[in-house]
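Participant: Build me a model:
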Amino acid sequence: MKKITLLLSLITFLAISGFFLTTKVEANSNDNVSGFAWSENIGWISFNDLNCDVNENGTYEGMYEGAPAGCPSSGTVNPYGVNVDLGTGLFSGYAWSEHIGWITFNSGELVGCPDGSCLAQLDIATNEVSGWARALAYGDGWDGWIKLRETGYGVWLDTSVNEFRDWAWSGDDVDEEAVIGWISFNCSNQGVCGTSDYKVFIAGPVNLPPSATSLNITSPPDYCFVSSPPIFLNWTYSDPDDDPQSAYQVQVDNNPDFSSPEVDSGKVISASTSYSPPGLSFSTTYFWRVMVWDSVDTPSIFMSGLSFSTLSRPPWPDFTWSPLEPAAGEIIQFTDQTTFYGTSPGWEWDFDGDGGTDSIEQNPTHSYSVSGDYIVELIAVDSDGSCSLQQTLTTGSPLPEWREIAPIGWLKKLFASLFSFFRA
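Facilitator: Have a look, this model is predicted:
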């Protein structure tokens with residue numbers, strides 16, 4: 001019913017005032033929001049002083065000299081305007097209504113709003129406007145609050161033409177009689193653009209947010225010799241303005257609500273489109289999401305990838321041998337030093353590098369008949385997988401053989417003669 005009333009009021013107002021169709025509308029050089037919104041109860045709301053300064057000479061010309069209805073007929077322009085920070089999306093500044101005066105979008109004047117976030121803000125990722133504005137003439141039971149978004153209505157930015165669309169609402173006096181009522185930000189809301197081409201818009205280019213797409217996960221085929229699962233989270237960066245990626249943030253959690261992320265990279269200044277989260281647990285299911293920033297620091301929304309599960313931790317094989325420098329033919333004692341994380345441990349030894357299993361004992365012995373270099377491999381196996389370790393063992397020349405030899409005959413006779421000589 002209110003929207004029907006608004007349409008009838010607008011048509012009546014247009015018939016009386018002859019509202020503009022082709023009026024030149026520009027933004028104050030310090031503020032990027034311009035144009036007019038329409039309230040069913042208070043009429044036109046101007047978002048920039050240049051809306052009424054048609055000749056841009058610092059004075060009001062009046063609607064009969066080309067200014068829109070609702071503009072002062074004369075006097076010096078009082079500079080005002082509304083601005084949107086295209087990095088943060090925060091609104092600031094003032095709009096003006098000839099019937100209720102200033103409407104503020106400044107954060108310092110929006111403290112104590114009825115509910116939610118008090119800041120008037122454009123979500124750069126979704127293009128939705130939320131929060132509050134406030135008429136500064138509030139009082140006598142009227143609190144002046146203007147809600148920019150609620151279930152069923154809300155202002156948003158059409159980035160294809162940089163125009164704001166849809167409705168805001170102010171019906172917040174104690175008597176429940178709306179002082180301002182519905183506020184339309186675009187003639188398309190009522191289908192009256194053919195007779196009244198009003199709108200609130202952003203002058204100049206609007207930086208569109210980037211996006212992260214094609215989220216995927218890569219991981220090596222096994223987790224051998226790693227202290228945490230080697231997971232790589234990947235995405236494709238895209239930006240409608242062709243701005244390059246300047247930063248990213250990745251969150252990983254074992255709960256899909258990301259209430260307390262297990263890993264949060266924070267904002268990482270990098271053009272990389274891959275991230276390996278540290279400290280993940282084995283045998284765990286995780287959820288992940290990524291946000292990216294473009295080169296003018298405009299963020300995307302968080303994009304969630306598919307959940308993933310890490311594998312169980314396989315054994316970590318290790319072994320030693322003694323002696324460390326064995327000779328050919330010498331018995332070598334191999335000692336297993338594997339760390340097992342699963343159950344049912346097993347060992348497969350290959351002493352000659354031919355790929356075959358030469359022993360399944362935990363601590364076997366072996367010898368080599370010929371000196372040289374040999375590749376010794378241990379494959380450690382348990383209920384969580386298997387990993388192998390190869391080491392090079394070098395054998396030296398065979399040990400010398402010692403044997404006792406009887407003295408020769410003449411030497412025996414010499415010793416006997418010497419013995420007899422010294423006895424005489």
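Participant: number of nearby residues for the closest residue to residue 204 other than its chain neighbours?
Facilitator: Computed as C-beta to C-beta, 6 or more residues apart in numbering, the closest residue to residue 204 that is not its neighbour in sequence is residue 32, at 5.9 Å. Using the backbone N, CA and C atoms, a C-beta is placed for each residue, glycine as well. Residues lying near residue 32 (other C-beta atoms under 10 Å) number 22.
Participant: need the contact list for the closest residue to residue 244 other than its chain neighbours.
Facilitator: Nearest residue to residue 244 in three dimensions, chain neighbours excluded: residue 295, at 5.2 Å (C-beta to C-beta, 6+ apart). Residues near residue 295 by C-beta atoms under 8 Å, 6 or more residues apart in numbering: 243, 244, 245, 246.
Participant: try residue 244
Facilitator: Residues in contact with residue 244 (C-beta under 8 Å, 6+ apart) are 237, 271, 294, 295.
Participant: What of residue 382?
Facilitator: Residue 382 makes contact with 314, 315, 340, 341, 342, 343, 344, 345, 346, according to C-beta under 8 Å, 6+ apart.
Participant: at 10 Å what do you get?
Facilitator: Contact analysis of residue 382 by C-beta atoms under 10 Å, 6 or more residues apart in numbering lists 312, 313, 314, 315, 338, 340, 341, 342, 343, 344, 345, 346.
Participant: Considering these, which possesses the most neighbours?
Facilitator: Counting neighbours by other C-beta under 10 Å, residue 315 comes out on top of these with 26 neighbours.
Participant: Near the nearest residue to that residue once chain neighbours are set aside, how many other residues are there?
Facilitator: If the residues on either side of it in the chain are set aside, residue 315 comes closest to residue 380, at 4.0 Å by C-beta to C-beta, 6+ apart. Residue 380 sits with 24 neighbouring residues when counted by other C-beta under 10 Å.
Participant: Please name the bridge partners of residue 380.
Facilitator: residue 347, residue 387 (DSSP bridges).
Participant: Pretty sure it sits against residue 225.
Facilitator: No - Residue 380 is beyond contact range of residue 225, at 11.3 Å (criterion: C-beta atoms under 10 Å).
Participant: with the contacts of residue 244 in mind, which one is nearest to residue 91?
Facilitator: For the contacts of residue 244, the residue nearest residue 91 by C-beta to C-beta is residue 294; the value is 21.1 Å.
Participant: For that closest one, which non-adjacent residue is closest in space?
Facilitator: Distances taken as C-beta to C-beta, 6+ apart place residue 243 nearest to residue 294, at 3.8 Å, with adjacent residues excluded.
Participant: And for residue 276?
Facilitator: Nearest to residue 276 is residue 232, by C-beta to C-beta, 6+ apart, at 5.2 Å.
Participant: So for the chain, the centremost residue is which one?
Facilitator: residue 291 (2.3 Å; C-alpha atoms, centre = their mean).
Participant: hey, what's it bridged with?
Facilitator: Under DSSP bridges, the beta-bridge partners of residue 291 are residue 249.
Participant: List the buried residues for stretch 240-256?
Facilitator: Neighbour-count burial for stretch 240-256, counted by 16 or more other C-beta atoms under 10 Å, picks out 243, 245, 246, 247, 248, 249, 250, 251, 252, 253.
Participant: Export the residues you listed as CSV, with columns for pLDDT and distance to residue 266.
Facilitator: Formatted as CSV, the buried residues of stretch 240-256 follow (pLDDT from 0 to 100; distance: C-beta to C-beta, whole Å):
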residue, pLDDT, distance to residue 266
243, 94, 21
245, 98, 16
246, 97, 14
247, 98, 10
248, 98, 10
249, 98, 6
250, 98, 9
251, 98, 9
252, 98, 13
253, 98, 15
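Participant: Closest one of these to residue 283?
Facilitator: Once C-beta to C-beta is applied, the member of the buried residues of stretch 240-256 that ends up nearest residue 283 is residue 252, at 15.5 Å.
Participant: next SSE after the one helix or strand that closest one maps to?
Facilitator: Element membership of residue 252 [criterion: DSSP states H and E] is strand 245-253. In the C-terminal direction, the helix or strand that comes right after strand 245-253 (DSSP H and E) is strand 263-264.
Participant: ok, and what's touching that next one?
Facilitator: Applying C-beta under 10 Å, 6+ apart, the contact partners of strand 263-264 are 233, 249-253, 258, 275-280, 286, 288.
Participant: among those, which two are most distant?
Facilitator: 258 and 276 (18.7 Å).
Participant: ok, back up a step: does anything pack onto the strand holding residue 252? Which helices or strands?
Facilitator: Applying 3 or more C-beta pairs under 10 Å, 6 or more residues apart in numbering; DSSP states H and E, one finds that strand 245-253 contacts strand 211-218, strand 232-238, strand 263-264, strand 268-269, strand 274-275, strand 285-294.
Participant: ok now the fourth one, how far from the chain's centre?
Facilitator: Taking the mean of its C-alpha atoms, strand 268-269 sits 10 Å from the chain's own mean (C-alpha atoms, centre = their mean, to the nearest Å).
Participant: ok, now which ones touch the residue nearest to residue 308 when sequence neighbours are not counted?
Facilitator: Nearest residue to residue 308 in three dimensions, chain neighbours excluded: residue 217, at 4.9 Å (C-beta to C-beta, 6+ apart). Neighbour list for residue 217: 231, 232, 233, 234, 286, 288, 305, 306, 307, 308 [criterion: C-beta under 10 Å, 6+ apart].
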